[in-house]
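Engineer: Here is a sequence together with a model predicted from it:
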Amino acid sequence: MLLLQTNELPVINGEKLSLRPITDADTADVVRWRNDPEVWKYFLFREPFTPEMHRDWLKNKVETGKVIQYIIVERTGGKSVGSVYFRDVDRKNESAEYGIFIGEPWARNRGLGTETARLFTAFGLDVLRLHRISLKVLGDNAVARRSYEKAGFQTEGIFRDYVKLGGVYTDVVFMARLAEEG
């Protein structure tokens with residue numbers, strides 16, 4: 001697996017969006033997005049998100065290379081709309097877990113998540129040389145599941161009633177994409 005320092009991470013350009021490495025200057029946007037009920041309802045972690053939590057994440061996860069996180073920027077207006085990341089980066093096994101959220105309500109359902117998934121997984125496989133990229137998605141999030149499938153992820157299993165969210169047991173779908181499935 002190729003090891004890049006935070007300051008060596010490239011900007012990734014697509015048709016509708018660009019992906020750029022996250023910075024501390026993104027804190028206010030990320031905190032606002034993560035506390036939006038429409039974003040929050042698709043996260044397993046559902047506690048109020050604070051600037052301190054985000055800065056701790058940057059210091060202990062992003063700066064140490066355990067997480068590679070980018071900001072999604074819509075190209076036409078140049079506005080930041082969400083975030084995408086690889087967490088639990090495992091250099092020995094060349095694997096990581098994928099995560100994404102579109103924080104701006106006006107940017108949802110416009111194909112940005114699917115384009116981000118394609119671009120960022122290609123970056124993970126081709127540049128970072130990951131062998132396996134996995135993800136977890138709530139079973140009732142059909143839009144996200146279709147997006148991940150378009151980016152080459154395959155369902156590996158459904159863990160029934162895996163988490164209890166808002167007092168309700170919820171299925172979690174495990175998906176992955178392997179390098180040779182390219």
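Structural biologist: That came in fine, so what should we check first?

Engineer: residues making contact with the least confident helix or strand in the chain by mean pLDDT?
Structural biologist: When the helices and strands of the chain are scored by mean pLDDT, DSSP states H and E, helix 37-40 comes last with a mean of 84. Here helix 37-40 makes contact (Cβ atoms under 8 Å, 6 or more residues apart in numbering) with 33-34, 46, 101-103, 105, 108. The C-beta positions use only the backbone N, C-alpha and C, and glycine is treated the same way.

Engineer: run the last query once more with 10 Å
Structural biologist: Contact with helix 37-40 is made by 32-34, 46-49, 82-83, 101-105, 108, as judged by Cβ atoms under 10 Å, 6 or more residues apart in numbering.

Engineer: List only buried entries from these.
Structural biologist: Using 16 or more other Cβ atoms under 10 Å as the burial test, the contacts of helix 37-40 include 33-34, 49, 82-83, 101-104, 108 as buried.

Engineer: which residues of this protein fall in helices?
Structural biologist: 27-34, 37-40, 51-57, 112-122, 142-150 (DSSP state H).

Engineer: Name the stretch from these that approaches Arg177 most closely.
Structural biologist: For Arg177, the closest of these is helix 112-122, at 5.9 Å, according to Cβ to Cβ.

Engineer: For that closest one, list every residue counted as buried.
Structural biologist: 112-117, 119-121.

Engineer: Would you mind getting the angle between it and helix 142-150?
Structural biologist: 40 degrees (axes from the mean of the first three to the mean of the last three Cα atoms, to 10 degrees).

Engineer: Can I get helix 112-122 in CSV, CA atoms only?
Structural biologist: Taking C-alpha atoms only, helix 112-122 is exported to CSV below (Å, rounded to 0.1, in the frame of the first residue of the first chain):
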residue,chain,number,x,y,z
LEU,A,112,-22.8,13.7,-6.5
GLY,A,113,-22.7,10.7,-4.0
THR,A,114,-22.4,8.2,-6.9
GLU,A,115,-19.7,10.2,-8.6
THR,A,116,-17.8,10.7,-5.3
ALA,A,117,-18.0,6.9,-4.6
ARG,A,118,-16.6,6.1,-8.1
LEU,A,119,-13.8,8.7,-7.9
PHE,A,120,-12.8,8.0,-4.3
THR,A,121,-12.8,4.2,-4.6
ALA,A,122,-10.7,4.5,-7.8
